[in-house]
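Engineer: Quick one, fold the following:
(one chain, ligands or ions: 2)
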Amino acid sequence: MIYERVALIGLGLIAGSMGLRMKRDGLVGEVVGTARSAETRDVAVALGLCDRVTEDAAAAVAGADLVVLCVPVGAMEDVAAEIGPHLAPGTTVTDVGSVKRAVIEAVAPHLPAGVHFVPAHPLAGTEHSGPRSGFPELFERRWCLMTPGAETDPDAVSRLSDLWTAMGSRVDRMDPDHHDLVLAVTSHAPHLIAYTMVGVADDLGRVTDSEVIEYSAAGFRDFTRIAASDPVMWRDVFLTNKDATLEILGRFTEELFALQRAIRTGDGAMLHDYFTRTRAIRRGIIEAGQDIDAPDFGRSTGR
Ligand SMILES: NC(=O)C1=CN([C@@H]2O[C@H](COP(=O)(O)OP(=O)(O)OC[C@H]3O[C@@H](n4cnc5c(N)ncnc54)[C@H](O)[C@@H]3O)[C@@H](O)[C@H]2O)C=CC1
Ligand SMILES: O=C(O)C(=O)Cc1ccc(O)cc1
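Structural biologist: Ligands and ions are numbered 1, 2, ... in the order given. I've put the predicted structure just below:
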């Protein structure tokens, strides 16, 4: 058993998947959950993703040796302020937020001395949200990036790493600013591009909605899946990972203009060279055994 009592704050996709996995594999003694709505709390107990629920977060953290903040990034500070006074020394606090620097700045000031803060981010999810969308295999073979400060107790870090490993993840450590830049490239900017592309299709009066749905090829279908992701969660990601996302979007628009120019001027060599280079990147991912499409539990694509 890795922890005696784990408190999950916010009972959605990620908390639900963690709770189901921890319960299924007996990784922890007890899982206590809390959510603002009574309906979510009732669903969480009915689904067995936690043993019991509390109405407020302060009550959930009492006696917990691990507290996991599973709310949207923009809600982390309020939750930390609420639980801070109720945390006992020796407790580990972690989070699962998609952005790391802003969460550290929002949460750390509210934690009393003696509490170990180990920020983390499982690179696993779907476009679905809420407690019913959780499933215990979500983290299987996916990375979990931890961004603890240099001063953080190594035992607290390795114990949390053990939990993520036991839930199926591969664990790595990263500097928080570097994490935010990497995720801006690999996740945040791509989500924004998907949102934009689906918005463009929706605005294009000469193509009807039914044509968009009926004739969606695989590429656009993936965009619509991603663009169906939770609006609150993604609003918070862009507001809190502002600098890195803007940096990547700036580079993206420069490249887009270059490709646009090549199309306008009929520069086939430029287009061919560009697509040859990008194909090599995809092949590199597959050869490195990093093709994260592989473990598809039939939920990630919605197909
Ligand atoms: N959905 C995904 O694919 C992934 C999400 N994440 C991160 O995990 C965190 C949770 O995401 P999900 O589980 O997908 O979200 P979700 O929407 O499924 O669940 C979020 C939970 O937080 C609660 N909540 C929202 N605002 C709150 C507030 N102000 N105070 C208290 N509770 C509040 C909601 O009621 C819900 O119970 C986010 O920070 C997100 O960035 C990380 C990896 C993947
Ligand atoms: O559903 C998808 O394609 C995702 O990209 C899931 C996801 C969303 C947010 C994260 O911070 C990590 C993973």
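Engineer: And the closest residue to residue 63 other than its chain neighbours, how close does it get to ligand 2?
Structural biologist: Ranked by C-beta to C-beta, 6 or more residues apart in numbering and with sequence neighbours excluded, the top spatial neighbour of residue 63 is residue 5, at 5.7 Å. For every residue, glycine as well, the C-beta is placed using N, CA and C. Here residue 5 is placed at a distance of 26 Å from ligand 2 (C-beta to the nearest ligand atom, to the nearest Å).
Engineer: Parallel or antiparallel, list what pairs with the helix or strand where residue 5 lies.
Structural biologist: In the assignment (DSSP states H and E), residue 5 maps to strand 3-9. Sheet pairing here is set by DSSP bridges, and for strand 3-9 it gives strand 28-34 (parallel), strand 66-69 (parallel).
Engineer: Let's see the helix or strand that that strand is followed by as PDB, backbone CA atoms only.
Structural biologist: Following strand 3-9 in sequence order, the next helix or strand is helix 13-24 (DSSP H and E). Taking only C-alpha atoms (Å, rounded to 0.1, in the frame of the first residue of the first chain), the coordinates of helix 13-24 have been written out as PDB:
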ATOM      1  CA  LEU A  13     -12.200  12.500 -15.600                       C
ATOM      2  CA  ILE A  14      -8.700  12.500 -14.000                       C
ATOM      3  CA  ALA A  15      -9.800  12.000 -10.300                       C
ATOM      4  CA  GLY A  16     -12.300   9.400 -11.400                       C
ATOM      5  CA  SER A  17      -9.600   7.400 -13.300                       C
ATOM      6  CA  MET A  18      -7.200   7.700 -10.400                       C
ATOM      7  CA  GLY A  19      -9.800   6.600  -7.900                       C
ATOM      8  CA  LEU A  20     -10.900   3.600 -10.000                       C
ATOM      9  CA  ARG A  21      -7.300   2.500 -10.500                       C
ATOM     10  CA  MET A  22      -6.200   3.000  -6.900                       C
ATOM     11  CA  LYS A  23      -9.200   1.000  -5.700                       C
ATOM     12  CA  ARG A  24      -9.000  -1.700  -8.300                       C
END
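Engineer: Isn't residue 202 up against residue 211?
Structural biologist: No - under the criterion of C-beta atoms under 8 Å, residue 202 is not in contact with residue 211, lying 11.8 Å apart.
Engineer: returning to what we had before: helix 13-24 and the strand holding residue 5, what's the angle between them?
Structural biologist: Between the axis of strand 3-9 and that of helix 13-24 there is an angle of 160 degrees, by axes from the mean of the first three to the mean of the last three C-alpha atoms, to 10 degrees.
Engineer: residue ranges for the strands of the stretch 201-303 of the chain, please.
Structural biologist: Under the criterion DSSP state E, counting those that start in this stretch, strands are not mapped anywhere in the stretch 201-303 of the chain.
Engineer: which bits of this structure sit near ligand 2?
Structural biologist: Proximity of the chain to ligand 2 is assessed by C-beta under 6 Å from any ligand atom, with 98, 123-127, 187, 226 identified as the residues in range.
Engineer: Among those, which one has the most neighbours?
Structural biologist: Tallying neighbours with other C-beta atoms under 10 Å puts residue 98 at the head of these, with 25 neighbours.
Engineer: what's near enough to touch the nearest residue to that one once chain neighbours are set aside?
Structural biologist: Once flanking residues are discounted, residue 98 sits nearest to residue 237: 5.1 Å by C-beta to C-beta, 6+ apart. Residue 237 makes contact with 73, 98-99, 188, 191 under the criterion C-beta atoms under 8 Å, 6 or more residues apart in numbering.
Engineer: okay if I get these as JSON lines plus pLDDT and secondary structure?
Structural biologist: JSON lines is the format used below for the contacts of residue 237 (pLDDT from 0 to 100; DSSP: H, G, I helix; E, B strand; the rest coil):
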{"residue": "73", "pLDDT": "98", "secondary structure": "helix"}
{"residue": "98", "pLDDT": "98", "secondary structure": "coil"}
{"residue": "99", "pLDDT": "98", "secondary structure": "coil"}
{"residue": "188", "pLDDT": "98", "secondary structure": "helix"}
{"residue": "191", "pLDDT": "96", "secondary structure": "helix"}
